[in-house]
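S.K.: All I have is the shape, not the residue letters:
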């Protein structure tokens with residue numbers, strides 16, 4: 001694909017921002033503190049995480065509904081208490097890029113500990129940078145709106161519900177659930193929202209429209225590969241466009257050519273190298 005030098009500045013204000021998907025998840029086990037501290041060290045523009053509620057109503061950073069894939073335990077996250085989840089190993093399952101198993105968890109037990117949202121926010125705020133912080137609430141869940149209520153409580157504790165401030169993370173809350181976004185708008189109206197759109201969405205809107213009060217769309221990279229029309233449609237309406245998961249060089253180039261605002265990647269180091 002012919003295209004510009006990936007490091008050149010766009011007229012809209014520069015290169016797309018690079019966001020570490022579940023932390024630097026190609027380099028470290030996803031959603032562990034090590035994945036995020038690695039991302040900070042890489043100099044990323046921000047991070048992304050998913051949150052779920054435990055049985056005793058703690059927000060933890062886990063993508064899947066069940067613990068099976070990313071820990072040595074089993075069971076639905078929402079039915080397990082935090083103390084049980086903290087007893088599991090969330091790191092050694094990961095095969096690193098060199099083909100080895102992740103053995104560092106044995107020498108550092110904290111490395112494989114489940115990451116709570118509060119612990120992640122504490123680490124983020126200690127960076128004293130305006131890191132773009134994308135938090136996705138996962139639905140459907142047995143707890144419904146309690147997820148957003150607990151999220152707002154956590155954000156408020158760190159002073160992150162009153163808009164973007166200097167030397168603090170710039171939070172965006174994302175969801176595929178419109179109801180979840182409506183709840184967030186009511187609970188914390190100054191926190192910007194991202195409406196996520198998957199390739200499998202049954203009524204994918206191609207005209208660039210978004211629900212009232214939402215000005216950011218999150219698009220599956222597979223949609224962007226299929227057609228640039230939806231990106232252009234949102235840009236014409238003045239919306240920001242976030243794209244996930246951008247790992248391949250041709251996808252990076254496509255996103256740069258389209259002038260998207262954010263690229264969410266498992267491999268932020270590789271993406272930043274391509275951007276120069």
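M.R.: Great, that's in hand. On a predicted model such as this, the values are computed, not experimentally measured, just so you know.
S.K.: Might you list the low-confidence residue ranges for the stretch 51-200 of the chain?
M.R.: 96-110 (pLDDT under 70).
S.K.: redo that, cut-off 90
M.R.: Applying pLDDT under 90 to the stretch 51-200 of the chain flags the ranges 95-111, 198-200.
S.K.: all strands for it, in order.
M.R.: Ranges of strands within the stretch 51-200 of the chain are 59-60, 132-137, 170-175, 193-197, based on DSSP state E, counting those that start in this stretch.
S.K.: closest one to residue 152 among the ones you listed?
M.R.: strand 170-175 (9.0 Å; CB to CB). Every C-beta, even on glycine, is put in place using the N, C-alpha and C of the backbone.
S.K.: That closest one to strand 193-197, inter-axis angle?
M.R.: For strand 170-175 against strand 193-197, the angle by axes from the mean of the first three to the mean of the last three CA atoms, to 10 degrees is 40 degrees.
S.K.: how big is the angle separating strand 170-175 from strand 132-137?
M.R.: Taking the same axes, to 10 degrees, one finds that strand 170-175 is oriented at 30 degrees with respect to strand 132-137.
S.K.: What is strand 170-175 packed up against?
M.R.: Judged by 3 or more CB pairs under 8 Å, 6 or more residues apart in numbering; DSSP states H and E, strand 170-175 is in contact with strand 132-137, helix 146-157, helix 178-187, strand 193-197.
S.K.: 7 Å instead?
M.R.: When contacts are defined as 3 or more CB pairs under 7 Å, 6 or more residues apart in numbering; DSSP states H and E, strand 170-175 packs onto strand 132-137, strand 193-197.
S.K.: Quick check: which of the strands of the stretch 51-200 of the chain is nearest to residue 76?
M.R.: Using CB to CB, the strands of the stretch 51-200 of the chain put strand 59-60 closest to residue 76, at 12.5 Å.
S.K.: Count the residues that sit near residue 256.
M.R.: A count of neighbours around residue 256, defined by other CB atoms under 10 Å, yields 22.
S.K.: Help me confirm that it is found in a strand?
M.R.: No. Under DSSP: H, G, I helix; E, B strand; the rest coil, residue 256 sits outside any strand and is assigned helix.
S.K.: shouldn't it be in contact with residue 16?
M.R.: Yes. At 6.5 Å, residue 256 counts as touching residue 16 under the criterion of CB atoms under 7 Å.
S.K.: re the thing from before, ok, which of the strands of the stretch 51-200 of the chain comes nearest residue 20?
M.R.: Comparing the strands of the stretch 51-200 of the chain by CB to CB, strand 132-137 comes nearest, at 9.8 Å.
S.K.: how big is the angle separating that closest one from helix 178-187?
M.R.: Using the same axes, to 10 degrees: strand 132-137 against helix 178-187 is 120 degrees.
S.K.: Roughly how far does residue 40 sit from residue 131?
M.R.: Residue 40 sits 8 Å away from residue 131, going by CB to CB, to the nearest Å.
S.K.: so who does residue 45 touch?
M.R.: Counting by CB atoms under 7 Å, 6 or more residues apart in numbering, residue 45 touches 17, 18, 19, 132.
S.K.: What is the burial count for the first one?
M.R.: Think residue 17. 16.
S.K.: So residue 25 belongs to a helix, correct?
M.R.: No. With three-state DSSP as the criterion, residue 25 is coil rather than part of a helix.
S.K.: Ignoring the adjacent residues along the chain, who's closest to it?
M.R.: Leaving aside its sequence neighbours, residue 25 sits nearest to residue 266 (CB to CB, 6 or more residues apart in numbering; 4.7 Å).
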